[in-house]
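Participant: what's the 3D shape of this:
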Amino acid sequence: MKPRQHMRRALVALLGLGILAGCLPKPRAFQAGPLEASRRIAILPLSNYSADRDVPDKVRPMIASVLGQRPGIWLIDPGAVEAALAEEPWLLFDRIPPDLVDSLGTKLDADALLVGAILGSGFRQEGPDQVPHFSLSLRLLQTPGSRVLWSVVHSRDGDDGEWLFDFGRVHNLEQLIELTIEECLQTFPATGVADTVSAVPAPGAQR
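Facilitator: You can find the predicted model right below:
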């Protein structure tokens, strides 16, 4: 094949990727503004509206892993969160009442609670193939007061990125979940704390 043909095909491929990037679904996010300095955040159990009963236990640590790398963010230890929740029984934390937000914030010495729901998780049949799909909503609630500091809703299908001969398709559900979480948390508000600045952790908090 002549060099010009190679170059032409490469340019067509790059153009296709550029068009695809503009067509990919993007998270629908809201920010009240930058966070005030460092924040101590408790991640509550996710409500689950999918058929997969085990998925919340997988997603919550994934969120913690990504969010915990943000400068100025301290995550309350999951054990401390569970102990506090044992005293405040509640089922659907994506619908948590303001008084419980304040109560948990006080017990955990948290500046904010991260709540959310898994709206869908699993596979759909497309011809001979099974295509994974995942949908997530998250909200960051200030304590006290329950003010929404940030929220996001995002849905991804495994074939969102496919553009030619299976290229760009995600076949693995766990990989798709990780991708969705990363894209969601890319919209998370900045704290204004540089990577080189060490924030003082709250009791029971971890990085």
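Participant: contacting residues around the helix or strand where Glu178 lies?
Facilitator: Under the criterion DSSP states H and E, the helix or strand holding Glu178 is helix 173-185. Residues outside helix 173-185 that contact it (Cβ atoms under 8 Å, 6 or more residues apart in numbering) are 26-27, 29, 55, 58-59, 62-63, 66-67, 70, 121-123, 132-136, 138, 152, 154-158, 170. Just so you know, the C-beta spots here come from the backbone N, C-alpha and C atoms, and that holds for glycine as well.
Participant: buried only: go through these for me.
Facilitator: 27, 29, 55, 59, 62-63, 66-67, 70, 121, 132-136, 138, 152, 154-158, 170 (16 or more other Cβ atoms under 10 Å).
Participant: so which of these sit within helices?
Facilitator: Using DSSP state H, the subset of the buried ones among the contacts of helix 173-185 located in helices is Val55, Val59, Met62, Ile63, Val66, Leu67.
Participant: against Lys26, how distant is the residue nearest in space to the middle of the chain?
Facilitator: Nearest to the geometric centre of the chain sits Ile181, at 3.4 Å (Cα atoms, centre = their mean). Using Cβ to Cβ, to the nearest Å, Ile181 is found at 14 Å from Lys26.
Participant: which ones are touching Ala42?
Facilitator: Counting by Cβ under 8 Å, 6+ apart, Ala42 has contacts Leu75, Ile76, Ala80, Val81, Ala84, Leu104, Gly105, Leu108, Ala110, Ala112, Leu113, Leu114.
Participant: right, and the helix or strand after the helix or strand harbouring it?
Facilitator: Applying DSSP H and E as the criterion places Ala42 in strand 39-43. Where DSSP H and E defines the elements, the next helix or strand beyond strand 39-43 is strand 47-48.
Participant: and Asp52, how many residues sit next to it?
Facilitator: The tally of other residues near Asp52 (other Cβ atoms under 10 Å) stands at 16.
Participant: returning to that earlier point: state the mean pLDDT of the helix holding Glu178.
Facilitator: Averaged over helix 173-185, pLDDT sits at 93.
Participant: which parts of this protein are strands?
Facilitator: 28-31, 39-43, 47-48, 73-76, 112-126, 129-142, 148-157, 205-206 (DSSP state E).
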